[in-house]
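>>> Sequence and predicted structure are below.
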Amino acid sequence: MTTTDLETTARALVAGGKGILAADETVSTVSKRLEAHRIESTADSRRAYREMFFTTPGIAEFLSGVILQDETIRQRSSKGTRLADVLAQQGILPGIKVDHGAKPLAGSLGETVTEGLDGLRDRLKEYRGMGARFAKWRAAIAIGDKRPSSACVSANAHALARYAALCQEEGLVPIVEPEVLMDGSHPIERCEEATGAVLHPVFDALFDQRLSLEGLLLKPNMIISGRECSREAAVDEVAQATLRCLRRHVPVAVPGIVFLSGGQNHVVATEHLNAINRLDGPKPWKLTFSYGRALQDEALRAWLGKRENVDAGQQAFYHRAQCDSAAALGQYTSAMEVERAIA
Ligand code: 13P
């Protein structure tokens, strides 16, 4: 695969108001989500859960790609089709999470570094053979007293860049995800400062490892107040701080920025994306979604693991993806929520 092919794939992932569904929770994370709704977590219930999303009629109108996880990319639908093919047949690009999770960073008090570089080249080859066209690696960076530390930021930036270089070598578009977590009581200004202090070394590391910026996507957090902050920043304030931070730190050569939802309420995540896209001034990259919880939560509540609820789950998912897609074009309105409530 050439640099041009990587760029074509990266651009396709952010084109036309479409975005990405992050359905790449590990077995342990998705099990917690299912069990919170008293749904037993088995390989088959996890398959049924993912299949509900992937077979939602008309969903390709809003989704360019789906991030899978190792178990899911190896599974087949109830009709016997590989789940990656169920997506590809609709023109939705299959992607794959390839990191092995955030592990305690030696010598630090509670910070993490994401692992998974050993053997990554071979795993990427295998996933490419299974139809994956892009990949994801998430670093988790906490805000707190003396955090993030430069040791944590530089270790994660280096790992992200080495992962991304291996992806491009194997013809997969890397999604580079340095997530600054929303946990904490910090104000929005602190999130902006920390996110900038993370993005800068991440792009330094990508430059050092000779990445083609045209052939990758950035998956950042939005700039928001900490979950326990006494003042929740307004939607417009979030949009302005987010765009300001990205303008300061993300090169124009990057084709797209695909936000994570990070624990935000699903409607708020839509409102934020919409407000960002409606701001005036230069927005040299496509700005869209790569949400996990914010796209799935309503559908999970409607489904509850029951076959007879698949339609209701799919309707909830379709509606949320439609809202997020409108937000990626700056065309979302709150009336879209009311329309669903009436329907
Ligand atoms: P959330 O949108 O639930 O944060 O998930 C996105 C993701 O891929 C986190 O790695």
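Sure, I can see it.
>>> from here on, contacts and neighbour counts on C-alpha atoms
Noted.
>>> Could you identify the helix or strand that succeeds the helix or strand that contains Ser28?
Using DSSP states H and E, Ser28 falls within helix 27-35. Downstream of helix 27-35, the first helix or strand assigned by DSSP H and E is helix 43-54.
>>> Rounded mean pLDDT for that next one, please.
Here helix 43-54 scores 98 as its mean pLDDT.
>>> Kindly report the same for stretch 157-168.
98.
>>> now swap in stretch 9-18 and tell me
On average, stretch 9-18 scores 98.
>>> Skipping adjacent residues, who's closest to Arg340 in space?
In space, and not counting its chain neighbours, Arg340 is closest to His319: 7.3 Å by Cα to Cα, 6 or more residues apart in numbering.
>>> For burial, what's the neighbour tally of that neighbour?
Number of residues near His319 (other Cα atoms under 10 Å) recorded here: 19.
>>> so how far is the helix holding Ser28 from its chain's centroid?
Helix 27-35 sits 18 Å away from the centroid of its parent chain (Cα atoms, centre = their mean, to the nearest Å).
>>> Buried residues in it, which are they?
Val27, Val30, Ser31, Arg33, Leu34 (16 or more other Cα atoms under 10 Å).
>>> Show me which residues of the chain are close to the ligand?
Residues of the chain lying near the ligand by Cα under 6 Å from any ligand atom: Ala22, Arg138, Leu260, Ser261, Gly262, Gly263, Tyr291, Gly292, Arg293, Ala294.
>>> among these, which ones are buried?
By 16+ other Cα under 10 Å, the residues of the chain next to the ligand give Ala22, Arg138, Leu260, Ser261, Gly262, Tyr291, Gly292, Arg293, Ala294 as buried.
>>> now for the residues you listed, which pair is the farthest apart?
Arg138 and Ala294 (17.2 Å; Cα to Cα).
>>> what's the pLDDT at the residue in the stretch 101-250 of the chain positioned nearest to the ligand?
The stretch 101-250 of the chain approaches the ligand most closely through Arg138 (5.6 Å), counting by Cα to the nearest ligand atom. Predicted confidence (pLDDT) for Arg138: 98.
>>> correct me, but it touches Glu179?
Yes - using Cα atoms under 8 Å, Arg138 is in contact with Glu179, at 6.8 Å.
>>> Tell me what the spatially most central residue of the chain is bridged to.
Centroid check for the chain by Cα atoms, centre = their mean gives Ser290 as the closest residue, at 3.6 Å. Applying DSSP bridges to Ser290 gives these bridge partners: Ile20.
>>> what's the distance between Lys283 and Gln168?
25 Å (Cα to Cα, to the nearest Å).
>>> Tell me where this structure has helices.
3-13, 27-35, 43-54, 70-73, 83-88, 120-129, 150-169, 188-208, 235-249, 266-278, 293-303, 310-328, 335-342 (DSSP state H).
>>> Of the residues of the chain next to the ligand, which pair is most distant in space?
Arg138 and Ala294 (17.2 Å).
>>> Low-confidence bits of the chain, can you list those?
Flagging of the chain using pLDDT under 70 yields the residue ranges 1, 341-343.
>>> let's see 80
Counting by pLDDT under 80, the chain has low-confidence residues at 1-3, 339-343.
>>> Kindly tell me how buried the residue nearest to Ser77 when sequence neighbours are not counted is, as a neighbour count.
Spatial nearest neighbour of Ser77, excluding adjacent residues (Cα to Cα, 6+ apart): Leu83 at 5.7 Å. Leu83 is flanked by 24 other residues according to other Cα under 10 Å.
>>> Would you quantify the distance from Leu83 to Asn156?
Leu83 is 31 Å from Asn156, by Cα to Cα.
>>> Help me confirm that the residue nearest to Ser77 comes into contact with Arg76.
Yes - if you go by Cα under 8 Å, Leu83 and Arg76 touch, sitting 5.2 Å apart.
>>> Now stretch 127-145: buried residues?
127-128, 131-143.
>>> again but with stretch 327-343, I slipped
Ala327, Ala328, Leu329, Gly330, Tyr332.
>>> Tell me the one among the residues you listed nearest to Leu216.
Ala328 (18.6 Å).
>>> show me what contacts that closest one?
Gly17, Lys18, Gly19, Leu273, Asn274, Asn277, Leu287, Thr288, Phe289 (Cα atoms under 8 Å, 6 or more residues apart in numbering).
>>> Gly292 now?
Per Cα under 8 Å, 6+ apart, neighbours of Gly292: Leu21, Ala22, Ala23, Leu260, Ser261.
>>> now with 10 Å?
By Cα atoms under 10 Å, 6 or more residues apart in numbering, the contact list for Gly292 reads 20-25, 66-67, 260-263, 266.
>>> again, but for Leu300
When contacts are counted by Cα under 10 Å, 6+ apart, Leu300 touches 33-34, 37, 49, 52-53, 293, 309-310, 312-314, 316-317.
>>> Where neighbours are concerned, which of the residues you listed has the most?
Neighbour-wise, the contacts of Leu300 (other Cα under 10 Å) top out at Gly313, 26 neighbours.
>>> which non-adjacent residue is nearest that residue?
Ala299 (4.2 Å).
>>> My guess is that neighbour contacts His37. True?
No - using Cα atoms under 10 Å, Ala299 is not in contact with His37, being 11.9 Å away.
>>> I'd like the distance between the residue nearest to Gly305 when sequence neighbours are not counted and Leu217.
Distances taken as Cα to Cα, 6+ apart put Ile39 closest to Gly305, at 5.8 Å, once the chain neighbours are dropped. Distance, Ile39 to Leu217, by Cα to Cα: 34 Å.
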